[in-house]
Structure formats: C-alpha cells, structure tokens
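K.L.:
Here is a sequence with its predicted model. Questions after.
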Amino acid sequence: QLISIGTSMVSLAWCYSEYHSVRKNMLLDITVSPCSRVTMFLYMLMQIIARLLAFQLFALYWGPGQLYPLIVFVVIHMFLSCILHVFFSEDLFYFRKGRYLKFFHNTLMNAFATIYFHNYLRMDEMPRIGKTLDVDVREEIDAQTPGLHISTFV
C-alpha cells in the first residue's frame with residue numbers, strides 16, 4: 001500500500017509539473033530546461049506531501065477512523081472553489097448559452113483539482129469551424145479557442 005501511495009504522489013507531481021510546463025509554452029520541458037523542471041517537480045512533490053500530511057493531521061484530530069469531518073471540509077472547499085471559479089473564469093459563457101453540463105463539468109473539475117494546487121484547467125473542445133458562422137458560433141469559438149491557455153491568475 002505504501003508503494004501505491006508513493007507512486008500516486010510521484011505521478012500527481014509529475015502531471016502537475018507537465019501541466020505547468022505546457023502552460024508556459026513548453027519552456028519548462030524536461031529536454032529544454034531539465035534543472036528548472038526537476039526543481040518544479042520536487043516543489044510540487046513536497047507540496048503534495050505537505051497537503052497529504054495536513055489532511056492526515058486534520059483527520060486524526062477528530063479521532064481514529066473519523067473521516068466525516070475531513071469529507072465535509074473538502075466538500076465545503078470544493079463549493080467555495082466552484083464559486084470563485086465562476087467569478088474568475090469565462091465558464092459562465094456556457095451557462096448563459098444553455099450548456100449546463102459543460103459548465104458544471106468545468107467548475108467541478110477545477111474545484112476538485114484545487115484541493116492540491118490552485119488550477120485553472122480548461123477542458124476545451126476543438127471548435128467546429130464551418131463555412132457559415134453566425135454570431136453565437138463565433139462567440140463560442142472565441143470563448144474556447146484551442147491551444148495553450150494561460151491562467152487568469154498568472
């Protein structure tokens with residue numbers, strides 16, 4: 001079980017460092033800047049370990065086996081993160097256009113991802129560009145242009 005936990009932490013740190021490398025237009029790629037990338041990976045790993053230890057201490061405060069306060073705390077954290085994500089992202093566009101499933105998917109995924117780090121994950125789809133574009137389609141393409149995206153918090 002310890003090997004499983006260790007590999008999960010390492011893979012999560014690697015995924016976050018890869019994500020941040022892509023956000024920086026691959027300037028932090030392991031082949032371009034190995035020292036910076038290893039430093040960022042170690043930073044992410046140490047931060048994940050610190051968060052997991054904080055979760056453990058918080059859960060142990062309530063007594064052995066009492067995980068309900070931790071679950072309630074995480075749910076409240078996700079709810080507040082959803083609200084902040086709506087205010088600081090352009091996902092409200094999907095709600096206004098009636099794409100409720102896409103709106104809730106984006107807000108919940110970002111709220112879940114901010115348990116470890118602040119993230120602005122964009123689950124974009126490739127827009128369908130046809131010969132005729134009306135105003136609504138043009139606005140949707142502008143709201144979800146494919147490619148690398150920089151967070152609004154950078």
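P.N.:
Ah, there it is.

K.L.:
name the element residue 21 belongs to?
P.N.:
Taking DSSP states H and E as the criterion, residue 21 maps to helix 2-23.

K.L.:
Pull out the buried residues from that helix.
P.N.:
Within helix 2-23, the residues that count as buried by 16 or more other C-beta atoms under 10 Å are 9, 12, 13, 16, 17, 18, 20, 21, 23. C-beta here means a position set from N, CA and C on the backbone, and glycine is covered the same way.

K.L.:
Please apply the same query to stretch 66-86.
P.N.:
For stretch 66-86, burial by neighbour count (16+ other C-beta under 10 Å) applies to 70, 74, 78, 81, 82, 85, 86.

K.L.:
could I get it in CSV with only the CA atoms?
P.N.:
Extracted in CSV, the C-alpha atoms of stretch 66-86 (Å, rounded to 0.1, in the frame of the first residue of the first chain):
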residue,chain,number,x,y,z
GLN,A,66,-13.5,9.6,11.8
LEU,A,67,-13.2,10.8,8.2
TYR,A,68,-16.5,12.6,8.0
PRO,A,69,-15.2,16.0,9.2
LEU,A,70,-12.5,15.7,6.5
ILE,A,71,-15.0,14.9,3.8
VAL,A,72,-17.2,17.8,4.9
PHE,A,73,-14.3,20.1,4.8
VAL,A,74,-13.3,19.0,1.3
VAL,A,75,-16.9,19.4,0.1
ILE,A,76,-17.1,22.9,1.6
HIS,A,77,-13.7,23.7,0.0
MET,A,78,-14.9,22.5,-3.4
PHE,A,79,-18.1,24.5,-3.1
LEU,A,80,-16.2,27.7,-2.4
SER,A,81,-13.7,26.9,-5.2
CYS,A,82,-16.6,26.5,-7.6
ILE,A,83,-18.0,29.9,-6.7
LEU,A,84,-14.6,31.5,-7.1
HIS,A,85,-14.0,29.7,-10.4
VAL,A,86,-17.3,31.1,-11.8
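
K.L.:
starting at the chain centroid, how far to it?
P.N.:
Offset of stretch 66-86 from its chain centre (C-alpha atoms, centre = their mean, to the nearest Å): 15 Å.

K.L.:
For that stretch, give me every contacting residue.
P.N.:
Outside of stretch 66-86, the residues within contact range by C-beta atoms under 8 Å, 6 or more residues apart in numbering are 55, 58-59, 62, 91-92, 106-108, 110-112, 114-115, 120.
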